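Q: predicted model follows, preceded by the sequence.
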Number of protein chains: 4
Amino acid sequence: VDEGRNRIDWVHRYSPVMNGLVRRTVGDGSLAGKRIAVVVHLEAKTAYLAQVLADAGADVIAAGSNPFTTNASVVAALRDKGIRVVSEAGGTHATWEEELRAAADLEPDYIIDDGAELTMRVGIHRPDVFKRLKGVSEETTTGTARLHAMAAAGKLPFPALTANDARCKHLFDNRYGTGQTTVQAMLMLTNRQAAGAVCVIVGYGYVGRGIAEYLSKLRAKVRVVEVDPVRALEAHIDGHVVGTAADVLPDADFVITATGGMRAVTTPEFNALPDGAILCNAGHHDLEVDVEALATMAQRTTQGATDMVTYHLPDKDLHVLSNGALVNIAGGSGHPVEIMDLTFAVQGLGAHYLVNTPMDPGVHVLPRAVDDSIAAAKLDSLGVTLDAPRSEQTDNHADFIDRITL
Amino acid sequence: VDEGRNRIDWVHRYSPVMNGLVRRTVGDGSLAGKRIAVVVHLEAKTAYLAQVLADAGADVIAAGSNPFTTNASVVAALRDKGIRVVSEAGGTHATWEEELRAAADLEPDYIIDDGAELTMRVGIHRPDVFKRLKGVSEETTTGTARLHAMAAAGKLPFPALTANDARCKHLFDNRYGTGQTTVQAMLMLTNRQAAGAVCVIVGYGYVGRGIAEYLSKLRAKVRVVEVDPVRALEAHIDGHVVGTAADVLPDADFVITATGGMRAVTTPEFNALPDGAILCNAGHHDLEVDVEALATMAQRTTQGATDMVTYHLPDKDLHVLSNGALVNIAGGSGHPVEIMDLTFAVQGLGAHYLVNTPMDPGVHVLPRAVDDSIAAAKLDSLGVTLDAPRSEQTDNHADFIDRITL
Amino acid sequence: VDEGRNRIDWVHRYSPVMNGLVRRTVGDGSLAGKRIAVVVHLEAKTAYLAQVLADAGADVIAAGSNPFTTNASVVAALRDKGIRVVSEAGGTHATWEEELRAAADLEPDYIIDDGAELTMRVGIHRPDVFKRLKGVSEETTTGTARLHAMAAAGKLPFPALTANDARCKHLFDNRYGTGQTTVQAMLMLTNRQAAGAVCVIVGYGYVGRGIAEYLSKLRAKVRVVEVDPVRALEAHIDGHVVGTAADVLPDADFVITATGGMRAVTTPEFNALPDGAILCNAGHHDLEVDVEALATMAQRTTQGATDMVTYHLPDKDLHVLSNGALVNIAGGSGHPVEIMDLTFAVQGLGAHYLVNTPMDPGVHVLPRAVDDSIAAAKLDSLGVTLDAPRSEQTDNHADFIDRITL
Amino acid sequence: VDEGRNRIDWVHRYSPVMNGLVRRTVGDGSLAGKRIAVVVHLEAKTAYLAQVLADAGADVIAAGSNPFTTNASVVAALRDKGIRVVSEAGGTHATWEEELRAAADLEPDYIIDDGAELTMRVGIHRPDVFKRLKGVSEETTTGTARLHAMAAAGKLPFPALTANDARCKHLFDNRYGTGQTTVQAMLMLTNRQAAGAVCVIVGYGYVGRGIAEYLSKLRAKVRVVEVDPVRALEAHIDGHVVGTAADVLPDADFVITATGGMRAVTTPEFNALPDGAILCNAGHHDLEVDVEALATMAQRTTQGATDMVTYHLPDKDLHVLSNGALVNIAGGSGHPVEIMDLTFAVQGLGAHYLVNTPMDPGVHVLPRAVDDSIAAAKLDSLGVTLDAPRSEQTDNHADFIDRITL
Ligand SMILES: NC(=O)C1=CN([C@@H]2O[C@H](COP(=O)(O)OP(=O)(O)OC[C@H]3O[C@@H](n4cnc5c(N)ncnc54)[C@H](O)[C@@H]3O)[C@@H](O)[C@H]2O)C=CC1
Ligand SMILES: NC(=O)C1=CN([C@@H]2O[C@H](COP(=O)(O)OP(=O)(O)OC[C@H]3O[C@@H](n4cnc5c(N)ncnc54)[C@H](O)[C@@H]3O)[C@@H](O)[C@H]2O)C=CC1
């Protein structure tokens, strides 16, 4: 409990937007008694979001969005504060399924979700609760895609905000947060050096390019596998070597997946890799590095001194970090506090917006003004002020348009 | 003529996409006899686009999109090839206005425009031609905004493609091309050192951040003035100092504008600057650095050894590069060949698309497939191949959606 | 024992120079029965060096060079291998003093030292052993300075090799190794973000500039405090803000010391810091951040969830990582394996050289050929080959010198 | 004359160290009547050094250190000031030889030299003047090697200062100055893009690594050819691909030489290059890119629109910038003003030191105090102050040394 409180207090210290703008906004009484499930990787930053909502009067249920990322001390601290937590640390995919069902059974009105993991399961297991849901605010790229698919299939009977589409989320979280912490975790877990290492990145989206950027700044030799030609060309022009998996894997020191899909690295890729290669994942699915396929290929496995398993294949050893779960969270402490201060401001204000604004069912984006207010609050906490635009500074369209006569 | 040919031939050497995909596509006969005005900064790369279209049978009219960026030898070489050119090098804003009217009077069917400079003028001076226009393909951010304003005002009676919105344009041209060449031109014209220099960038859009990135990599101390809080926060998190003009100008060595608007730096900013500061512009308007206001403040001016004018103010000297026109083009050779190979592929294929595809009046974006084909052609020229996505790799939405019953 | 073995095995996997060149060289029988004290931070990489020497027949004594950096599992594994270890994990400065005396009492012939910590103590406590010492090979900048001071004072009666002066040591270890791992440890222990953070670095030598480089690449705002004007100017031109402690501390998020001296940050600096600042050290002395002075200023302290102590001062909280010991070793896993493969190759081949080469007392540098052979072995393991210089490629001095007649 | 004056005035504006410390020091009367030959690339910065020395009363002779780097307008302006200039712009190797002999015939007392070009020739052609020489201050790495060779051969009958060894010279000039300006010139002359380009750098010394650093920051794919294994390993760990010329040339876009020797790239390398490759040189010799061999291989050559010649070989075209002379000087404006403010402060204070200090014949280094004073003057001009070291901050060696008894 103490360690958990300690961790949450640390988050509190460096979260000016949560402490100011968010507490002020959600503290207007409108959240009182609303049952909100917070289903994000269950560590200190998520706990602080849960606590801020609880302090604002919400009836918060906390659950982890991944079996490998729940922190025991944080769970203890939340429970000590009277918040219901359905998840335990040290679980498996199976126990996690049960936990999410338990969360569904607690019948939330609103869900702050990650990967739409609880939303999907409520839909499947508790259609009654699903139909009554008043709103969802979704954290990630993967979950956003899922919500759009649900809407397209006519199975989204409530408004969903895609927090990921807020500029204060994806511009910071997906790029800087994941880049720094993924690289940090993979180096920390392996005690290896980035400079000179051959690092293959699979998927060059926001997350992948952030990782590539950090690694190449640390002087690694970055290689990129992509399926989209424009993104592949961006990777080329960013200075990375681009190629097929077959081209770039044979002398890889590290492989990092970030496609948002599954099985980005599977049997053919394992075959192409050299002895001693290290694999990890930064995408939402625990199966981007196909650990199931790897397990069937291996003769035996060894647990490493850190969060790493070595798969002994007939002709080589391959090492997988954090069981293929998001390495920056399961094998590290997740995004930096400052990043989550922005992301959870989007989520907190998103929940407040859902509660207070009548909206049609379907996928929505947080209004730009709310998004801007988060950036402004953060700048304010840094003592930065901005000039306001002056009218003489804009390109005066009326000027010439008036002179066009049709 | 020889020098011009020489320059165009150089462009030809390093333009694999234009040489392959574009020549192949536009060479299908559909452009034969179409009168196309090409109104972009009139130097070798633009000349090559004009030539490729002419070779495909189009009746090309070439004009410069800025009075200070037309290259004499290139004009001579184009004329030698039988292409009509309305612009001359060494002009002023006044002669340029006349040139554009002359272009309007040649009654183009299609315009490949930059800043919508010819499109606007056709609308104003030749409403008859304006109404008959069959399509416009627009190069820049500023022109895109103008076209949207025209559409909103009901004054866009033809389809317009915003080339700038193509991924193969803005992702490369606005970021890498402008970044490299603006920094290069400003350092070349001044023989100054980037490392350690205080560089203030006004406007942190695609162009501004590209410049900031290159400068900070060259170890300059970058400071950013922005009016949009999210972009300001991005600048902060990119490691730059953010502040008001009043905060950051007093010890500036360089000021670079990139707002896309006008008068970003004007009287109050000139007052805040130290003696010896150097100003230049990378945005579309020649008035982002308000040289008109500066001229009225100065007691006299001196022409420098390079493309630079020193304004002697009562208490200090300020130096302006390239009369405040886009410094990378007017004071350098514009974007790198490789970048314009992509940009002009967008423009060339855009013109072909406008000619061959029935479209409603209004603002349109080039179809993603065309955009992708450009990236694929470029990758192909580099010998890069990509893996195709495999079905087992995607997040299977149907899987869970089918299990949700409403 | 298992965990320790596991860790040492991991080092073994990624140490091609130790596995090849070093084992081959030291395995020639010349080390048989030589008593060698290995006194470096006692974790897996050091253990592997100890083991390689033991496998070559040396009678190895292992001791830690710092009270806070000894790893318990590694100690267990070494003992299990039959190597004598005088240090225990979890010690204090007092227990560490005793351990080093115990090492002196074991009467080594040779010392592989770090900071000259054992060499000094042998000199003080066991002058008899000191006079009989056959050679020392020293790891660090601080220890090198100490050996030179001893020589200057006529108190170095044996040959000492300054491993630190080998190019394969300081060019890699001090710059890349420390840079990466210090930044990693400080971010990992605090879950903070580098991008945008104000980081003050005290001391801009090899270590300081490595840290500065890594931090600024992670987009931190780096500020440097130096006392040497040339180095201060280098920091300026590297793009960092340079100033006095009083100038740069007031809004510091992080302070990192790397002066190699002591009390670089003490009472006046603590007074200048803002609430919430985080302090850590990358220099040899545990007192660069003057934790003793800080303890007297604090009303109380709290232990954090990670290796961090919060000092509650009357007007603010300051956080110190790893008790002020080298944060990358005490609060992380030390240098990357690849780096120590080079550094310990220098040490291992240095010990072999001391054993086999008659040398005068005094400070010596490893011959360049040995140094080069390490780099060549590493390149070879990477599959890199080099061209040999051709005679026509050198500036032919004889040519003109012959023509000068005096 | 006006343009030349204009250029020199520009240098004056941004040279705080020359304007302050240097003018103050050399202006003490001791230089009055001393005949000093200034033999450095003859453009505006060198002219300003010549002028500062002339203003201090010296009888200055100016000559260019390379046939391709002399600027006509600057020569005119110097003559207008009454300074004797033996060089003309637009020369060849032959005319340049004559110019240097003319400089020798003017019988200088002191030489500020570059590459020891005049010093060698005085030795060969005017042994009488050579024996009477009172001192030489040498600019570059190549010249320093030559002076050491002369001393070793017993043919250096006067004191020579190796300005290159001053920290305020090589730490800034060779690294930052050359890096920025070489990359700038090569991109400017070719209108090519750095991002994504394959750039082969031959020679990874101070200059080569500066170029590599700048290019890789501009997102080029850097490859390095080296003959020294430690430097090759540094290149590897800096993130570059290292290999033999045969390995790395076949898909090079650019080749840049910086070995300080000759014929680094010659027939076998030309054979390995692809069609369209661009070659340039940043080393002292005009023959690092062996243009003589290339000329014999070519069927014909074409002069490009910029300072570039295309060699048409039977199977491909190769382009050479600036005739293989130092591309940043011959094809650009040389080092940035700020850099030369430091370098020429070293040279100016070096000349003053030679005049005022009795010294033995042989190679000497500028005293560290003079070197430091330059850095301090530059920092002062930037408004930067430094903390002084405090006694409690140093590692107290006496402490333990006193306790060692022998
Ligand atoms: N670890 C963390 O802390 C975070 C993880 N995420 C997760 O990371 C994943 C990626 O997110 P974004 O980069 O924002 O998505 P994105 O959609 O922008 O990028 C994914 C990229 O992967 C490429 N791709 C897809 N399949 C591929 C395959 N088989 N091989 C190679 N390339 C392939 C796509 O073309 C696309 O460019 C998502 O699952 C997201 O939820 C997001 C934020 C933080
Ligand atoms: N030099 C060149 O080769 C190129 C120039 N351009 C031109 O550069 C300009 C900028 O283009 P993008 O960056 O793509 O546009 P953008 O719209 O992405 O960025 C402009 C930024 O300036 C900010 N801003 C506006 N007024 C401001 C003011 N008074 N003070 C401070 N910040 C202000 C805006 O908030 C915005 O973030 C446009 O005119 C565009 O046409 C575009 C491509 C190449």
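A: Sure thing, it's come through. Numbers count the residues shown, from 1 in each chain, chains lettered A, B, ... in the order given. Ligands and ions are numbered 1, 2, ... in the order given.
Q: which residues does A:Val60 contact?
A: A:Arg35, A:Ile36, A:Ala37, A:Val38, A:Ala50, A:Leu53, A:Ala54, A:Ile83, A:Arg84 (CB atoms under 8 Å, 6 or more residues apart in numbering or on different chains). Heads up, the C-betas are built off the backbone N, CA and C, glycines and all.
Q: what is the nearest of those to C:Phe270?
A: A:Ala50 (35.3 Å; CB to CB).
Q: where's that closest one relative to A:Ile36, distance?
A: 9 Å (CB to CB, to the nearest Å).
Q: just to revisit the earlier point, out of the contacts of A:Val60, which are inside strands?
A: If you go by DSSP state E, the contacts of A:Val60 have A:Arg35, A:Ile36, A:Ala37, A:Val38, A:Arg84 in strands.
Q: the second one bridge partners, please.
A: Beta-bridge pairing of A:Ile36, defined through DSSP bridges, involves A:Val60, A:Tyr110.
Q: my read: it touches A:Glu107, true?
A: No - the criterion here is CB atoms under 8 Å, and A:Ile36 misses it with A:Glu107 at 11.6 Å.
Q: please say which of those two ends up with more neighbours.
A: Ranked by neighbour count (other CB atoms under 10 Å in any protein chain shown), A:Ile36 and A:Glu107 place A:Ile36 first, with 28 against 15.
Q: list the contacts of the more buried one.
A: Residues in contact with A:Ile36, defined by CB under 8 Å, 6+ apart, are A:Leu53, A:Ala58, A:Asp59, A:Val60, A:Ile61, A:Pro108, A:Asp109, A:Tyr110, A:Ile111, A:Ile112, A:Ala351.
Q: what about the first one, neighbour count?
A: I take that to be A:Leu53. Around A:Leu53 there are 27 residues (other CB under 10 Å).
Q: give me the pLDDT for A:Glu234.
A: The score at A:Glu234 is 96. That number is its pLDDT.
Q: could I get the contacting residues of it?
A: A:Glu234 touches A:Tyr204, A:Arg209, B:Leu171, B:Phe172, counting by CB under 8 Å, 6+ apart.
Q: and the last one, how far is that from D:Ser391?
A: For B:Phe172, the distance to D:Ser391 equals 57 Å [CB to CB].
Q: ok, now the first one?
A: As judged by CB to CB, A:Tyr204 and D:Ser391 stand 55 Å apart.
Q: before we move on, the earlier item: quick check, nearest of the contacts of A:Ile36 to chain B?
A: Chain B has its nearest neighbour among the contacts of A:Ile36 in A:Ile111, at 14.3 Å by CB to the nearest CB.
Q: the closest one contacts A:Arg35, correct?
A: No - applying CB under 8 Å as the test, A:Ile111 and A:Arg35 come out as separate, 9.8 Å apart.
Q: more neighbours, those two?
A: Between A:Ile111 and A:Arg35, counting by other CB under 10 Å, A:Ile111 is the more crowded of the two (30 against 16).
Q: OK, contacts around that one?
A: Here A:Ile111 is in contact with A:Ile36, A:Ala37, A:Val39, A:Leu118, A:Thr119, A:Val122, A:Leu133, A:Gly135, A:Val136, A:Ser137 (criterion: CB under 8 Å, 6+ apart).
Q: do A:Ala163 as well
A: Contacts of A:Ala163 by CB under 8 Å, 6+ apart are A:Ser137, A:Glu138, A:Glu139, A:Lys169, A:Thr343, A:Val346, A:Gln347, A:Gly350, A:Leu366.
Q: then A:Tyr311?
A: A:Tyr311 neighbours (CB under 8 Å, 6+ apart): A:Leu294, A:Ala295, A:Met297, A:Ala298, A:Thr301, A:Asp317, A:Leu318, A:His319, A:Val320.
Q: pipe the ones in strands among the contacts of A:Val60 into a markdown table and attach pLDDT and distance to B:Tyr14 per row.
A: Shown next, in a markdown table, are these (pLDDT from 0 to 100; distance: CB to CB, whole Å):
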| residue | pLDDT | distance to B:Tyr14 |
| --- | --- | --- |
| A:Arg35 | 98 | 62 |
| A:Ile36 | 98 | 57 |
| A:Ala37 | 98 | 56 |
| A:Val38 | 98 | 54 |
| A:Arg84 | 98 | 64 |
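Q: among the contacts of A:Tyr311, name the ones in helices.
A: Among those, the members found in helices (DSSP state H) are A:Leu294, A:Ala295, A:Met297.
Q: most neighbours among those residues, which one?
A: In terms of neighbour count, A:Leu294 stands highest of those at 22 neighbours, by other CB under 10 Å.
Q: what sits closest to that one if chain neighbours are left out?
A: A:Tyr311 (5.2 Å; CB to CB, 6 or more residues apart in numbering or on different chains).
Q: mind pulling up the pLDDT for that neighbour?
A: So, for A:Tyr311, pLDDT stands at 98.
Q: I'd like to know which residues of chain A are adjacent to chain D.
A: Taking CB under 8 Å from any CB of the partner chain as the contact definition, chain A meets chain D at A:Gln193, A:Ala195, A:Gly196, A:Ser216, A:Arg219, A:Ala220, A:Lys221, A:His236, A:Ile237, A:Asp238, A:Gly239, A:Val241.
Q: those residues, buried ones only, as a PyMOL selection?
A: Buried subset of the residues of chain A next to chain D, written as a PyMOL selection, criterion 16 or more other CB atoms under 10 Å in any protein chain shown:
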select buried, chain A and resi 193+195+196+216+219+220+221+236+237+238+239+241
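Q: now for the residues of chain A next to chain D: which two are most distant?
A: Most distant of these, by CB to CB, are A:Gln193 and A:Ile237, 26.5 Å apart.
Q: rewinding a little: any of the contacts of A:Ile36 buried? List them.
A: For the contacts of A:Ile36, buried by 16+ other CB under 10 Å: A:Leu53, A:Ala58, A:Asp59, A:Val60, A:Ile61, A:Pro108, A:Asp109, A:Tyr110, A:Ile111, A:Ile112, A:Ala351.
Q: just the residues you listed now: which is nearest chain D?
A: Once CB to the nearest CB is applied, the member of the buried ones among the contacts of A:Ile36 that ends up nearest chain D is A:Ile112, at 38.3 Å.
Q: what's the spacing between A:Ser333 and chain C?
A: Using CB to the nearest CB, to the nearest Å, A:Ser333 is found at 4 Å from chain C.
Q: swap in A:Ala152?
A: In terms of CB to the nearest CB, A:Ala152 sits 36 Å off from chain C.
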